[in-house]
Each structure stands twice: as C-alpha cells, then as structure tokens.
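1. Provide a 3D model corresponding to the input given below.
(one chain, ligands or ions: 1)
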Amino acid sequence: MSLGVLGGTFNPVHRAHLRLGEAARRHLGLERVIMIPAGDPPLKHSGIAPARHRLAMLERALEGQEGFEIATLELERPGKSYTVHTLEALRDAHPGVSLWFVLGADALAQLDLWYAPRRLLELASLAVAQRPGSARDLADLVPASLATTFRERAPERWVHVSGQELRTLSFDPLDVSATEVRRRVARGEPIGGLVPAPVERYIAEHGLYQEAA
Ligand code: ATP
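-> Got it, this is the predicted structure:
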C-alpha cells in the first residue's frame with residue numbers, strides 16, 4: 001500500500017494544493033493523501049494565520065473529498081515543524097507502507113535548506129509537480145549537494161541510494177499561491193477562482209489576511 005503526504009503551511013489552502021493531492025493520488029495509485037499543516041514552518045516567517053484557522057480552512061476544503069485525510073501531528077508537536085520528524089512518525093504509524101512525499105518544484109529546489117534532507121530522501125519517495133515558471137527537468141531542480149545521492153537519473157525518474165524514488169508528476173501548472181490569495185484579500189479583490197468556496201467564506205467571516213501580505 002502507498003500513502004501520499006502533502007505538507008504545507010496552507011495559509012490558506014488553495015486550489016493548487018487540492019489539484020496536487022488529486023494528481024498524486026491518481027498517478028501514483030495512492031490509497032489516500034495525508035494533508036499535514038505545519039505548526040511552525042522553519043522557512044516561512046511573516047503573515048502566518050493561527051494554526052486553528054489554517055486547520056479549519058483545510059477541513060472545509062476537504063469536506064466530502066474522497067481519498068484525503070488531515071493529520072495534525074505537526075500542530076501538536078512543539079518546536080519547528082521538520083518534515084523528517086513527520087515522516088519518521090508516519091513510518092512508525094504505518095509499518096510496511098510506502099510513503100510518497102508530494103511537493104511543488106519550488107520546494108524541491110530548496111530542499112537543501114531543509115532540516116536533514118539526506119535523511120528525508122531515505123524515508124520517503126518524492127513526487128514533484130511543476131509550478132508556473134519552474135524548471136522542468138529534475139536535473140535543473142534538485143540542489144547539487146543532493147543530486148549526488150541518487151544512483152539512477154532518468155529524465156523523469158531518479159532512484160536514491162536508499163532505493164526511494166523521485167518522480168515528476170504530470171500536472172498542468174496552475175498559477176495559484178497562498179501569497180497571491182493573501183495579497184488579493186488585503187486589497188479587497190475577489191479570490192473565488194483561487195480557493196474553494198467554503199474557504200473564501202471562512203476568510204471573510206473571520207476577517208483573515210486584511211493586512212498587506
Ligand atoms: P506561499 O505562497 O505562502 O509561500 P504556497 O502557495 O507555496 O504558499 P504552501 O502551503 O507553502 O503553499 O505549499 C505546500 C506545498 O504545495 C509545497 O510543496 C508547494 O510547492 C506546493 N504548491 C503550492 N502551490 C502550488 C502550485 N500552484 N503548483 C504546484 N505546487 C504547489
């Protein structure tokens with residue numbers, strides 16, 4: 001059995017997150033995708049809505065969606081939210097299950113800045129989706145210091161020395177980011193095309209993201 005893991009700040013969750021999870025589920029034959037909101041994301045600093053709001057929006061976005069689940073382990077763990085610790089916890093909770101960590105090209109390109117990236121590559125396979133303007137080839141995305149830890153490098157499928165894989169997902173780039181959602185809300189512009197309707201309502205009801213992003 002294979003499970004997908006999609007971690008993010010989800011500040012707020014938007015349509016590309018949902019499309020990304022769905023694409024991973026379909027293309028990799030995953031039983032389900034576990035969405036994991038970060039408690040204290042190490043690489044993002046300003047304008048982060050409280051965790052209870054980010055979680056509530058994720059719950060609303062996923063209501064009635066088959067094949068998704070939310071895990072709150074990063075919200076409950078004190079300190080910075082390191083993906084390595086999350087993957088270790090998921091491995092313990094699901095012994096014998098293959099984990100696919102799903103991420104956008106921007107995140108892969110910065111993987112060398114994450115905590116213990118070499119260990120991360122041993123714990124899960126990675127599925128990467130293009131973002132608008134991002135490089136297409138894995139060779140142009142994977143940071144040089146990590147590229148040397150892969151033993152096979154076909155154009156769309158690399159194999160790590162641990163046996164875990166790195167694959168590109170077939171995914172039509174979608175020009176949506178949480179930054180753009182926050183910016184539009186702060187300017188009073190519509191966000192209907194960028195987030196699911198229940199998330200749009202939640203943002204309005206709770207007056208989130210009124211400050212300039
Ligand atoms: P922000 O704009 O605040 O930096 P974001 O839109 O990148 O946020 P995150 O919650 O940081 O959202 O993203 C979680 C994961 O989803 C990351 O791996 C990110 O690369 C991926 N992702 C987000 N938006 C897209 C997109 N439009 N296409 C592909 N992947 C995406």
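
2. Please identify the helix or strand for the residue lying closest to residue 160 once chain neighbours are set aside.
-> Nearest residue to residue 160, sequence neighbours excluded (CB to CB, 6 or more residues apart in numbering): residue 121, at 5.0 Å. Every C-beta, even on glycine, is put in place using the N, C-alpha and C of the backbone. Secondary structure assignment for residue 121, by DSSP states H and E: helix 117-123.

3. for that helix, packing partners?
-> helix 83-93, helix 144-147 (3 or more CB pairs under 8 Å, 6 or more residues apart in numbering; DSSP states H and E).

4. please redo it, this time with the cut-off set to 7 Å
-> helix 83-93 (3 or more CB pairs under 7 Å, 6 or more residues apart in numbering; DSSP states H and E).

5. who does the helix it packs on touch, helix- and strand-wise?
-> If contacts are counted by 3+ CB pairs under 7 Å, 6+ apart, helix 83-93 sits against strand 2-8, helix 73-76, strand 98-104, helix 117-123.

6. need these in a markdown table with distance to residue 44, mean pLDDT and mean neighbour count, can you?
-> Output for those, formatted as a markdown table (distance: least, CB to CB, whole Å; pLDDT from 0 to 100; neighbours: other CB atoms under 10 Å):
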| stretch | distance to residue 44 | mean pLDDT | mean neighbour count |
| --- | --- | --- | --- |
| strand 2-8 | 10 | 98 | 22 |
| helix 73-76 | 13 | 96 | 16 |
| strand 98-104 | 14 | 98 | 22 |
| helix 117-123 | 17 | 98 | 18 |
